[in-house]
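*Asks:* Give me coordinates for this.
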Amino acid sequence: MSQDIKLSVVVLVYNTEQYLRDCLDSLVNQTLQGIEIITVNDESPDNSLFILEEYSENYPNIKVVNQTNSGGAVAGNNGVMQAKGKYVTIMDSDDIVPLDAYEKLYNKAVNEDADIVIGKANILIDGVQKEILYKKERQVWEKERVINNVKDYLDIFYDGFYWNKIYRREFLIDNDCLMPPGMLYADRPMVHKAFLYASKIAIIKDIVYLWRKRGEEASQKSITQTNSDMKNFEDRLESYYYQLDYFNEKKDETLYNEFCKRNIDRFFFPIKGILESDDFKEKYFQEVGRIFKSINGVYDNDLGIIKNIYIYMIVNNLQEELVEFVQDDYKGSIVEEDGKFYWALKQFRSQELSIPDELFQLKNLLTQFIEIGELKLEKQKIHLSNLIFPKAFNIDRVKLEIRSRQNVNEVREYHLKESNNTFSIVIDQDDLDHTEAYDIYLVIRYNDKEDMYRITKKMLKYSNQIETTFVNDSYKLFFTKNGNLSFIGKFVNVKKVLSTNDIIEIIPTEYPYDRSLEFFVQNRVTKEKIYFKTGENVFSLKWKHFMDPDSVYDLYYEIHEHKFRLSADSVRDLTEKVHQWVDVSGKLYLTDKNNISIDIKSSFKSTLGNLKRKIIRV
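*Replies:* This is a model prediction of the structure:
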């Protein structure tokens, strides 16, 4: 082993040319010295190999390994076996590592003499970071720990990712903690076996990995975004059974059963596949039913009422009933009997189903039980009023968290005030960045525990009548397509809008804005958008790029993919102007509503002239 190499980073590369440079840049700029980067190219059909070779020529610590297409597990194992560092980690080539991540992980490993060090991961979507809100994974990373015996912290098995960790290389090799070749979900068998055999595991709270979630197109979806596919489901089962062999070897029934219980929720990821295919439904009930029947105390969990009813219907082979229940809107009153509270869904005390009452008993606060009386944007303030909860829950504290999409570390906290068992708050918008986008959550402490909930439209008392968007001069409060509440500062201040016979230029007063700000013109009829080019302190667009004769274009700006008309009120210096060319003229002007538009007029007035021009353009 080379004494100079502290950490070997194994990068799994397949068909990721679009993201590969970002990944490699995040590695070559790490603050930890003594890193070797082993890129394993799994016979990528795109330009990934050319990019790898380019970087290896410029950075002597990058090594390129080419293999015949064999899958990520084989690539990861090959990289680990060739690594020379004291510690090793594996990452995907479409993801990014914060620049100080490996320094933090390595220093913790050395200080604690740990076999494994774990850090926090965030999701990366279109350049925006978001917290991973899977409840149990998030709880693993929220507190620093040193674990000498995995039985002291069994919830660690909720974390099955390989990429937010570094491992002592000799420990992995000696205990054969590698990925099963050919397996789609090969990360969990590797990670969970490592947990079982590690002498010491350390956890830090720092963000050490950015996990990219790709677009919605099917061709771009990762394996975790195709949950209801039959092959995906079968691979999930294969991974689960493979892991059980490790626990059987330990001959510890308690450890075995507790691990199984911590995997229950993963079998609900593909549950909607039962709506799409009878073959999938049969396979699902057969396999998952067998698994759930083998778990002692399968209902002794904190999955909540809905998922425990899933379990009951799967165990009792109630196929059509589950199909109906999965599509339910989950509405029902809360009833109290003998000091206990129950959620009276329509399945409650159904003689046909015979579901035990205790499965309907309220133990966890669900989003369905949170009711917001009023939400509005008034002048420069956000009002959230008359927030109420069922009396089954002893509410100790309610906070509103406004989380930045651009800077994951920016979280604004506001404590709601209680009056007559209702909670309310008024937030001054001047507390928030006027060019930033935020997501809004409730953090509720109740019954001696704390949970976080994204505010949704369904929480509103009169959700069928409420508007989905609230806008004032500077801000937009809105519900996303998924019904989640978000907030965007829409204020933009422009120093000048200039136009010459060649070009239109927009110069913001404050620069640089973050990269989410763009300007464009939109054809009022065809709705075609033409974006301004971003330069140093200026946005520019040449007239020739959008001069359709006898057309009107409106000037917009876009922040975080939300578009707004550019008003003269936002521009300090604007002069209405007419430009004349050989056969067309262009007029930059203010509309009756004080917005900025552009009118393109043809100089040919006859029908024949217009017809000839259309033919020429085609």
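*Asks:* the helices in the stretch 251-400 of the chain, which residues?
*Replies:* Secondary structure of the stretch 251-400 of the chain, counting by DSSP state H, counting those that start in this stretch: helices at 253-261, 278-293, 305-315, 319-326.
*Asks:* what do you get for the chain?
*Replies:* In the chain, helices defined by DSSP state H lie at 17-28, 48-58, 72-82, 101-112, 135-141, 169-174, 187-197, 230-250, 253-261, 278-293, 305-315, 319-326, 607-617, listed in chain order.
*Asks:* could you dump these to a markdown table with distance to Val88, mean pLDDT and mean neighbour count?
*Replies:* Every residue, glycine included, has its C-beta placed from N, CA and C. Formatted as a markdown table, the helices of the chain follow (distance: least, CB to CB, whole Å; pLDDT from 0 to 100; neighbours: other CB atoms under 10 Å):
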| stretch | distance to Val88 | mean pLDDT | mean neighbour count |
| --- | --- | --- | --- |
| helix 17-28 | 14 | 94 | 18 |
| helix 48-58 | 19 | 95 | 17 |
| helix 72-82 | 6 | 95 | 21 |
| helix 101-112 | 11 | 97 | 20 |
| helix 135-141 | 21 | 85 | 16 |
| helix 169-174 | 4 | 96 | 17 |
| helix 187-197 | 11 | 94 | 23 |
| helix 230-250 | 20 | 89 | 16 |
| helix 253-261 | 25 | 92 | 17 |
| helix 278-293 | 33 | 95 | 16 |
| helix 305-315 | 37 | 96 | 21 |
| helix 319-326 | 42 | 95 | 16 |
| helix 607-617 | 60 | 32 | 11 |
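*Asks:* Include distance to Lys495 when you put the ones you listed into TSV, please.
*Replies:* Putting the helices of the chain into TSV (distance: least, CB to CB, whole Å) gives the following:
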stretch	distance to Lys495
helix 17-28	32
helix 48-58	39
helix 72-82	50
helix 101-112	39
helix 135-141	43
helix 169-174	56
helix 187-197	51
helix 230-250	53
helix 253-261	61
helix 278-293	59
helix 305-315	54
helix 319-326	55
helix 607-617	35
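*Asks:* Which one, of those, ends up nearest to Trp163?
*Replies:* helix 187-197 (7.9 Å; CB to CB).
*Asks:* before we move on, the earlier item: and the helices of the stretch 251-400 of the chain as a markdown table, adding distance to Ser56?
*Replies:* Putting the helices of the stretch 251-400 of the chain into a markdown table (distance: least, CB to CB, whole Å) gives the following:
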| stretch | distance to Ser56 |
| --- | --- |
| helix 253-261 | 41 |
| helix 278-293 | 44 |
| helix 305-315 | 48 |
| helix 319-326 | 50 |
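*Asks:* if we compare those helices, which one ends up closest to Ile334?
*Replies:* Go through the helices of the stretch 251-400 of the chain one by one with CB to CB and the one that ends up closest to Ile334 is helix 305-315, at 11.0 Å.
*Asks:* Could you pull up the residues touching the nearest residue to Val582 once chain neighbours are set aside?
*Replies:* In space, and not counting its chain neighbours, Val582 is closest to Ser603: 7.4 Å by CB to CB, 6 or more residues apart in numbering. For Ser603, the contacting residues are Val582, Asp583, Val584, Ser585, taking CB atoms under 8 Å, 6 or more residues apart in numbering as the criterion.
*Asks:* Any of those buried? List them.
*Replies:* By neighbour count, with 16 or more other CB atoms under 10 Å, these hold Val584 as buried.
*Asks:* Take the contacts of Ser603 and keep only those in strands.
*Replies:* Secondary structure assignment (DSSP state E) places Val584, Ser585 from the contacts of Ser603 within strands.
*Asks:* out of the contacts of Ser603, who's nearest Lys143?
*Replies:* Val584 (66.0 Å).
*Asks:* Isn't the closest one up against Pro549?
*Replies:* Yes. Assessed by CB atoms under 8 Å, Val584 is found in contact with Pro549 at 5.3 Å.
*Asks:* what do these two both touch?
*Replies:* Ile600, Lys601, Ser602.
*Asks:* Can you pick out the ones from the residues you listed that are in strands?
*Replies:* Among the shared contacts of Val584 and Pro549, DSSP E puts Ile600, Lys601, Ser602 in strands.
*Asks:* Take the residues you listed and lay them out in JSON lines including distance to Ser70.
*Replies:* As requested, those are arranged in JSON lines below (distance: CB to CB, whole Å):
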{"residue": "Ile600", "distance to Ser70": "57"}
{"residue": "Lys601", "distance to Ser70": "63"}
{"residue": "Ser602", "distance to Ser70": "62"}
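*Asks:* most surrounded residue in those residues?
*Replies:* Across these, neighbour numbers were computed from other CB atoms under 10 Å; Ile600 holds the maximum, 19 neighbours.
*Asks:* Would you mind measuring from that residue to Ile355?
*Replies:* Distance, Ile600 to Ile355, by CB to CB, to the nearest Å: 67 Å.
*Asks:* Also Leu172?
*Replies:* Plainly put, Leu172 is 45 Å away from Ile355 if you go by CB to CB.
*Asks:* Now the strand ranked longest in the chain - C-alpha only, CSV.
*Replies:* In the chain, with assignment by DSSP E, the single longest strand is strand 201-212. Listed in CSV are the C-alpha atoms of strand 201-212, where the atom choice follows Å, rounded to 0.1, in the frame of the first residue of the first chain:
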residue,chain,number,x,y,z
ILE,A,201,-18.5,2.9,12.6
ALA,A,202,-18.5,6.8,12.9
ILE,A,203,-21.2,9.1,11.7
ILE,A,204,-20.7,12.9,11.0
LYS,A,205,-23.5,15.4,10.3
ASP,A,206,-21.8,17.1,7.4
ILE,A,207,-23.0,17.0,3.8
VAL,A,208,-20.6,14.7,1.9
TYR,A,209,-22.5,13.8,-1.2
LEU,A,210,-24.9,15.2,-3.8
TRP,A,211,-27.0,12.5,-5.3
ARG,A,212,-28.3,13.6,-8.7
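*Asks:* in it, what's buried?
*Replies:* The neighbour-count check on strand 201-212 (16+ other CB under 10 Å) flags Ile201, Ala202, Ile203, Ile204, Ile207, Val208, Tyr209, Leu210, Trp211, Arg212 as buried.
*Asks:* tilt between it and helix 17-28?
*Replies:* 140 degrees (axes from the mean of the first three to the mean of the last three CA atoms, to 10 degrees).
*Asks:* The closest residue to Val408 other than its chain neighbours bridge partners, please.
*Replies:* Counting by CB to CB, 6+ apart, Gln129 is the residue found nearest to Val408 once chain neighbours are left out, at 4.0 Å. For Gln129, the beta-bridge partners under DSSP bridges are Leu124.
*Asks:* What about Gln129, how many residues nearby?
*Replies:* Other residues near Gln129 come to 20 when the count uses other CB under 10 Å.
*Asks:* What's the separation between it and Ser404?
*Replies:* When CB to CB is the yardstick, Gln129 and Ser404 sit 9 Å from each other.
*Asks:* Could you point out which residue ranges in this protein have low pLDDT?
*Replies:* Counting by pLDDT under 70, the chain has low-confidence residues at 1-3, 128, 133, 214-228, 463-467, 510-516, 604-618.
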